[in-house]
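generate coordinates for the sequence data below:
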Amino acid sequence: MSRELLLLRHAKSSWNSDVSSDFERPLAPHGLKDAPRIAAWMGSRGIVPDHIVSSPAVRAIQTVQQICNRLSLPERLVRRDERLYLASLATLLEVLADIPATSRLPLLVGHNPGLDELLLHLCGGELPYTTSGKLMTTAALARIELPDEWNRLPARCGRLIDLVRPRELE
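Modelled structure (predicted):
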């Protein structure tokens, strides 16, 4: 038995906003367009998460709101987890272990470099890097098949099904 995991990096954020910290940076106009495009791609393929765990950073929450709006998902599906803000690989694995076993298609929304590290850990091998050498670009969505038991996720236990980037949908 297996289940799938969706990894989503927050959409493009604004570096020119008048906020006092990195945590408070909002989405840039480009990000406000990319998140719904990824959600539309998900919806067109029937990929609808049943549980969402997000970094509480403003840019991540705004990305999740765009996804929920486009897929008509209730915000009660979203659990904000402070551990996801700039999380390490070890922390991301802890968060995954806490996802309810009843969830068959959870969505984890976070940041790099942690999401890149998690994708490399889970899938390893030949991954589809961009020509500039990136994996999880802003608003990129990875769909991964994993073993049913998530308390221990050893290296290369997953299989990458899709890695979709907004620019590739143009």
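
and the strands in this structure, which stretches?
2-9, 51-54, 78-80, 106-110, 141-147, 159-164 (DSSP state E).

quick one: these as JSON lines, columns for mean neighbour count too.
Every residue, glycine included, has its C-beta placed from N, CA and C. As requested, these are exported to JSON lines (neighbours: other Cβ atoms under 10 Å):
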{"stretch": "strand 2-9", "mean neighbour count": "22"}
{"stretch": "strand 51-54", "mean neighbour count": "21"}
{"stretch": "strand 78-80", "mean neighbour count": "17"}
{"stretch": "strand 106-110", "mean neighbour count": "26"}
{"stretch": "strand 141-147", "mean neighbour count": "20"}
{"stretch": "strand 159-164", "mean neighbour count": "17"}
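
mean pLDDT for those - can I get that in CSV?
Output for the strands of the chain, formatted as CSV (pLDDT from 0 to 100):
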stretch, mean pLDDT
strand 2-9, 94
strand 51-54, 98
strand 78-80, 97
strand 106-110, 98
strand 141-147, 96
strand 159-164, 96
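
dump the residue contacts of the closest residue in space to residue 84 that isn't next to it in sequence.
Spatial nearest neighbour of residue 84, excluding adjacent residues (Cβ to Cβ, 6 or more residues apart in numbering): residue 55 at 3.8 Å. Residues counted as contacts of residue 55 (Cβ atoms under 8 Å, 6 or more residues apart in numbering) are 10, 61, 80, 81, 84, 85, 86, 87, 109, 110, 111.

tell me which residues of stretch 13-30 are tucked away?
13, 14, 25, 27, 28 (16 or more other Cβ atoms under 10 Å).

not counting its neighbours along the chain, what's nearest the second one?
Spatial nearest neighbour of residue 14, excluding adjacent residues (Cβ to Cβ, 6+ apart): residue 28 at 4.1 Å.

the one you found and residue 87, how far apart?
Distance, residue 28 to residue 87, by Cβ to Cβ, to the nearest Å: 22 Å.

what of residue 155?
With Cβ to Cβ as the criterion, residue 155 and residue 87 are 18 Å apart.

more neighbours: which of the two?
residue 87 (23 against 10; other Cβ atoms under 10 Å).
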